[in-house]
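Enquirer: Return a 3D structure for these sequence lines:
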Amino acid sequence: MNIDDYQPPLVAILRGLSPAEAPAVAAALFASGFRILEVPLNRPGALECIGIINGIKPPGALVGGGTVLSRQDVEAVFGQGGRILIAPNFNPDVVGLAKSMGMLAVPGVATPTEALAALAAGADAVKWFPAEALGPTGLRSVKTILPSTARVWPVGGIGAGNLGDWRRAGADGFGIGGRLYEPGLPMAELEGRAKEILAAWHAS
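Expert: Residues are numbered from 1 along each chain as shown. Okay, the predicted model is just below:
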């Protein structure tokens with residue numbers, strides 16, 4: 001698997017998604033142009049949602065788990081058809097297992113040391129987290145010492161209004177949570193937010 005095959009590199013973070021909502025939410029996001037959906041594991045029903053989305057995703061789309069903290073989490077996500085893990089931290093055991101199973105791994109980092117260690121361990125991209133606290137200036141500095149092939153995805157506080165600023169700082173993709181999806185959000189509003197974010201991406 002190659003992480004660059006999934007375009008645009010925008011991850012819809014579906015924290016709090018319920019199995020009942022999963023089909024409609026996933027369908028709306030896929031129809032809007034999102035190709036990577038993440039269901040964080042620290043909410044009830046997450047694994048069931050991953051399985052549901054895996055069953056309806058279109059070609060060229062990807063679903064996986066977020067807040068993946070352990071080897072058991074990796075195995076559980078894989079068992080539901082998830083093929084990408086996204087974590088708030090860098091755990092070499094978690095990344096190593098995911099890669100051995102043919103999954104994409106995007107661990108969280110907040111320093112140059114963590115970013116370089118994660119990439120050396122086989123991470124396909126690194127999650128710059130928490131982006132709100134680290135800021136675009138920090139990202140710009142870190143990008144100067146990373147390999148030119150490194151993919152850095154800020155997560156935390158990203159939306160249509162500031163996506164361009166982060167792109168200019170060197171962001172290669174994003175994880176987008178509360179400014180895209182919230183439990184119970186009407187589908188029309190979800191679709192509107194998705195289209196605004198995608199438009200901002202294409203304009204950046």
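
Enquirer: Do you have the helices of this protein handy? List them.
Expert: 22-32, 46-56, 71-79, 92-100, 112-120, 131-143, 163-168, 187-203 (DSSP state H).

Enquirer: now for these, which one comes closest to Gly156?
Expert: Closest to Gly156 of the helices of the chain is helix 131-143 (CB to CB; 4.1 Å). Yep, even glycine has a C-beta here, placed from its N, CA and C like the rest.

Enquirer: Identify the residues contacting the closest one?
Expert: 110-112, 115, 128, 150, 152, 154-158, 165-166, 168-171 (CB atoms under 8 Å, 6 or more residues apart in numbering).

Enquirer: Of the helices of the chain, flag the one that's most buried.
Expert: helix 46-56 (a mean of 21; mean count of other CB atoms under 10 Å).

Enquirer: now for it, which elements pack on it?
Expert: helix 22-32, strand 36-40, strand 62-66, helix 71-79 (3 or more CB pairs under 8 Å, 6 or more residues apart in numbering; DSSP states H and E).

Enquirer: quick one: it to strand 62-66, angle?
Expert: Using axes from the mean of the first three to the mean of the last three CA atoms, to 10 degrees, one finds that helix 46-56 and strand 62-66 are set 170 degrees apart in direction.
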